[in-house]
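Trainee: What follows is a protein structure lacking sequence information:
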């Protein structure tokens, strides 16, 4: 799974970013299940090839380099025929 991120040009009081992920390679009927100021969860129906998968994933690389900080930033779950993709900007390691 590849996620892309591109920062917006700076605007006073804002550091916003655009991003994308190709969930349609794995699922259909993708929609936002929940969101708030710090996180969003997308959910979709897994395609038949992946429908019986039970898995969880997080970030492992950024720009090809190993990544071990803020492991909760992006997460993905395959559960009961659904994919859940979570962007959590409030996540991270409590030990840091």
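Mentor: Arrived safely. Note that the coordinates shown come from a computational prediction; the quantities given were computed from them, not determined experimentally.
Trainee: okay, CA-based contacts and neighbour counts for the rest of this
Mentor: Will do.
Trainee: Distance of the residue sitting furthest away from the middle of the chain relative to residue 81?
Mentor: Centroid-distance maximum for the chain: residue 12 at 26.9 Å, with C-alpha atoms, centre = their mean. In this view, residue 12 and residue 81 are 43 Å apart by C-alpha to C-alpha, to the nearest Å.
Trainee: swap in residue 67?
Mentor: In this view, residue 67 and residue 81 are 29 Å apart by C-alpha to C-alpha.
Trainee: Which one's more surrounded, the two?
Mentor: Comparing residue 67 with residue 81 by other C-alpha atoms under 10 Å, the one with more neighbours is residue 81, at 16 against 12.
Trainee: So that one sits against residue 49, correct?
Mentor: No: applying C-alpha atoms under 8 Å, one finds residue 81 not in contact with residue 49, separated by 10.2 Å.
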